[in-house]
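Undergrad: quick one: sequence and predicted model below, then my questions.
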Amino acid sequence: QKEVEQNSGPLSVPEGAIASLNCTYSDRGSQSFFWYRQYSGKSPELIMFIYSNGDKEDGRFTAQLNKASQYVSLLIRDSQPSDSATYLCAVNNDYKLSFGAGTTVTVRA
Amino acid sequence: NAGVTQTPKFQVLKTGQSMTLQCAQDMNHNSMYWYRQDPGMGLRLIYYSASEGTTDKGEVPNGYNVSRLNKREFSLRLESAAPSQTSVYFCASSESSTGIRRYGYTFGSGTRLTVV
């Protein structure tokens, strides 16, 4: 079992819709959870982190964490063409981050 | 601009050649990391350095060596390149192994390596 698994996608959504990305993790001791956005040919950039159960909102992005279910998600509201990218879920285990394979999102104009 | 600088950005090697990928950060971070990214496999940890003077293996260390030259610099060496090492390599840093919980990583821009 991989440490971090994401819905593989690709995910195609119309402009203005909600994009929903999911991630599960295997280590119950994991403490912090991150979402990175990576444009094609670029490096990952941090867009959200969450460490408490519940929801955390930042602009059009909402991260949701459920530690009992070992599940973290990212919602992108009012999706824009500029949101077209690969989204990486990352989980903190001690000294490092473990990453999922990523979900590619395409926003159709 | 503050951040993580990687060199070179692109490199083509022949099988058996050696090279060193350079990484430097100017954020006074303690921890540094090397990852490789392959299609469909996400980012996999090669080596990391939790603090100056220490290095440890990650998930995929075979065929690589590292040096933490000082607090700023962390290099990755391929002694005898193989086609399986064709990948995009990212260096990253974090404030510390505890600071990572709140701030995650800052990534460099990556090195695209092709081994023929």
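TA: Here it is on my side, so go on. Numbers count the residues shown, from 1 in each chain, chains lettered A, B, ... in the order given.
Undergrad: now stretch A:37-47: buried residues?
TA: With burial defined by 16 or more other Cβ atoms under 10 Å in any protein chain shown, the residues of stretch A:37-47 counted as buried are A:37-38, A:43-44, A:46-47. The way it works is simple: take the backbone N, C-alpha and C, and place the C-beta from them, glycine included.
Undergrad: of the residues you listed, closest to chain B?
TA: Nearest to chain B, judged by Cβ to the nearest Cβ, of those is A:Ser43 at 4.1 Å.
Undergrad: contacting residues around the closest one?
TA: Going by Cβ atoms under 8 Å, 6 or more residues apart in numbering or on different chains, A:Ser43 touches B:90, B:107-110.
Undergrad: please check those and keep the buried ones.
TA: The buried subset of the contacts of A:Ser43 (16+ other Cβ under 10 Å) comprises B:90, B:107-108, B:110.
Undergrad: farthest-apart pair in the residues you listed, please.
TA: B:Phe107 and B:Gly110 (7.6 Å; Cβ to Cβ).
Undergrad: adjacent strands (with direction) for the top strand by length along chain A?
TA: The longest strand of chain A (DSSP state E) is strand A:85-93. Each strand paired with strand A:85-93, and its direction, by DSSP bridges: strand A:33-38 (antiparallel), strand A:96-99 (antiparallel), strand A:103-108 (antiparallel).
Undergrad: which one among the contacts of A:Ser43 gets closest to chain A?
TA: So of these, ranked by how close each gets to chain A (Cβ to the nearest Cβ), first place is B:Phe107, at 4.1 Å.
Undergrad: hmm, the closest one is touching B:Val88, no?
TA: No - applying Cβ atoms under 8 Å, one finds B:Phe107 not in contact with B:Val88, separated by 11.1 Å.
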